[in-house]
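quick one, what's the 3D model for this:
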Amino acid sequence: MAAILGGGLGGLSTAYYLLKTNVTRNSNLKLFLLEATNYCGGWIKSIKTKDYTFEQGPRTIRPKGITGVNTLNMIEDLGLSEHVAPITSEHPAAKNRMIYVNQNLYLLPSSLKGVFQKNLPFSKPLIYALFYDISQPHKHLQDDSIYNFVERRFGKEIADYAIAPMICGICAGDAKEISVKFLMKTLFEWEQNHGGVVKGMMKSMFSPKTGEEIDISNLAKRAQEEKWNVYTIKGGLETFPATLHDYLCQNNVDINLNTRIKELQFVDSGTVLLKNCSGELFNASHVYSTIPSYALAKLVEKQHPDLAQELNEIPFVTVGIVNLYFSSETPLVTPAFGFLVPPIENSPILGVVFDSFCIPDQNGTVLTVMLGGKWFEEKFGENVTEEKLFNVAMQEIGTILNIKEKPTVYHVNILHKCIPQYVIGHYERVGKIRDYIQKNNLPISLVGSSYDGVGINDVIYSAKKQVQEDCT
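Prediction:
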């Protein structure tokens, strides 16, 4: 019997792939999932009405790469293909992405032609960044921050105005702390192995292509043919984990809500006891932990304090989310995905998403303001109220977007410790954690955003790879 800790997308996906493995191997492994709250889906939560959809967490998914194809394969298998709402590469939400610098909104280049043109706030065409890379000396490092790497290879402007705000948008983090391996592992390896990114890129063009192959569903083929940039699910992204939850229930996965585990007791390499807050014990042959690393640390610290210490070393940040709906018939913003704010602007907000153009079936103007992240406590203190976040959000969109009217409806949510930060040395730390588990023959596997990637695709793929590894 296998136990799955956590009913977020990582836990649901783990159960999904274990079920698939059961069918493939004609196994009868019984599965039970334990979720501390009354909801499955983790940070994916949608508020849907006839006029608007508020996404309180993730809102879109990227279709690219092996991990993107893998998610599309799952979506098709769940029968959700007809509910997918794509944004193609020619859509304004794909082409128009902005940054806010020096009290102005600037459109980032979105085409090859734009790379050869001067675009403010950059002082030179972006193509010059490649020449800068060629002229820079080689520097041997085991790891580096993504900011330092980009500044070293492509210049300070690229680091400040392209990479730093992008990291804010992806993980609400500080590019000066996030490992370059988080998003640019290949580019970093080119630098380390060949002396520069351009040199490495040129050599890779003449090297045989290697990599994992994956079956491509009809939905994934459609995404490639139609050149999807991102996509979401009609009715709110929450439909995805909700459908996955129903699939698991239909296939006899025992899902236990409002079941908070207090302690894990490892008996031997094939037995683990899970003790809940009421003192009740669950017995399993193996545990898949998909909860945040800091939460897992509390469960294992009694038996394995060294493991708990390493798990606690993975930092997390808090993000404030303010959803706004304006019922005015005339759009209050121009068609675009939205804008991000570079940290050098010292703003309380990370950026604003123009949901009116990213999510289908929206009436009026719908915006989502993201606040804090790495700087949440610095900007707002420890006991900030939802009212305070709302007022800050309104002040910022009034200044930046010149929106003076009050929203018809709004919703504020504080996502406490919601996104792990892959700081320098993260991958080595995760390797050390998994080595400890293997060395001590602990019947536990780690899945999810704390370890293998923070995006939706990463979390789902992490579940698949871990299940495959355990069942080999």
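
so Glu255 sits in a strand?
Careful, residue 255 is Ile and not Glu. Yes - assigned with DSSP: H, G, I helix; E, B strand; the rest coil, Ile255 falls within a strand.

how about it: what's its closest non-neighbour residue?
Leu33 (4.8 Å; CB to CB, 6 or more residues apart in numbering). The way it works is simple: take the backbone N, C-alpha and C, and place the C-beta from them, glycine included.

so what's that neighbour bridging to?
For Leu33, the beta-bridge partners under DSSP bridges are Ile4, Ile255.

what count of nearby residues applies to it?
26 (other CB atoms under 10 Å).

show me what contacts it?
By CB atoms under 8 Å, 6 or more residues apart in numbering, the contact set of Leu33 is 3-4, 6-7, 11-12, 15, 40, 248, 253-256.

hmm, try it at 6 Å
4, 7, 11, 15, 255 (CB atoms under 6 Å, 6 or more residues apart in numbering).

what about it, distance to Ser289?
Going from Leu33 to Ser289 by CB to CB, to the nearest Å gives 12 Å.

now do the helices in the stretch 1-150 of the chain.
Here the stretch 1-150 of the chain has its helices, by DSSP state H, counting those that start in this stretch, at 9-24, 65-77, 92-95, 112-115, 128-135, 146-154.

rank those helices by mean pLDDT and give me the bottom one.
If you rank the helices of the stretch 1-150 of the chain by mean pLDDT, helix 112-115 sits at the bottom with a mean of 78.

which one of the helices of the stretch 1-150 of the chain lies closest to Thr49?
Checking those against Thr49 by CB to CB gives helix 92-95 as the closest, at 21.1 Å.

show me what that closest one is in contact with.
87, 110, 229, 335-337, 357-358.

same check, this time on stretch 125-136
Outside of stretch 125-136, the residues within contact range by CB under 6 Å, 6+ apart are 115-118, 153-155, 158, 196-198.

then stretch 205-218?
Taking CB under 6 Å, 6+ apart as the rule, stretch 205-218 contacts 66, 69, 72-73, 76.

list the buried residues in it.
Judged by neighbour count (16 or more other CB atoms under 10 Å), stretch 205-218 contains these buried residues: Ser217.

for stretch 318-332, same thing?
In terms of neighbour count (16+ other CB under 10 Å), stretch 318-332 has its buried residues at 318-326, 332.

Leu401 - nearest residue in space that isn't next to it in sequence?
Excluding its sequence neighbours, the residue lying closest to Leu401 (CB to CB, 6+ apart) is Val333, at 6.0 Å.

for Tyr451, same thing?
Sequence neighbours aside, Val430 is the residue nearest to Tyr451 in space, at 4.9 Å (criterion: CB to CB, 6+ apart).

with Asn312 instead?
Closest to Asn312 by CB to CB, 6+ apart is Ala297, at 4.6 Å.

next, count neighbours for the nearest residue to Ile47 once chain neighbours are set aside.
Using CB to CB, 6+ apart and skipping the chain neighbours, the partner closest in space to Ile47 is Phe54 (4.0 Å). If you count neighbours by other CB under 10 Å, Phe54 ends up with 24.

returning to what we had before: and the contacts of Leu33, which is closest to Asn312?
Nearest member of the contacts of Leu33 to Asn312, counting by CB to CB, is Gly11, at 20.8 Å.

pLDDT score assigned to the closest residue to the closest one other than its chain neighbours?
The shortest distance from Gly11 to any non-neighbouring residue, by CB to CB, 6+ apart, is to Thr290 (4.1 Å). Among the per-residue scores, Thr290 holds a pLDDT of 98.

what sits against the nearest residue to Asp144 once chain neighbours are set aside?
Leaving aside its sequence neighbours, Asp144 sits nearest to Val180 (CB to CB, 6+ apart; 5.0 Å). Val180 makes contact with 144, 146, 149, 188 under the criterion CB under 6 Å, 6+ apart.

go again with 8 Å.
Contacts of Val180 (CB under 8 Å, 6+ apart): 143-146, 148-149, 187-188.

most neighbours, which of these?
Within those, neighbour counts (other CB under 10 Å) peak at Ile146, which reaches 28 neighbours.

all set, thanks.
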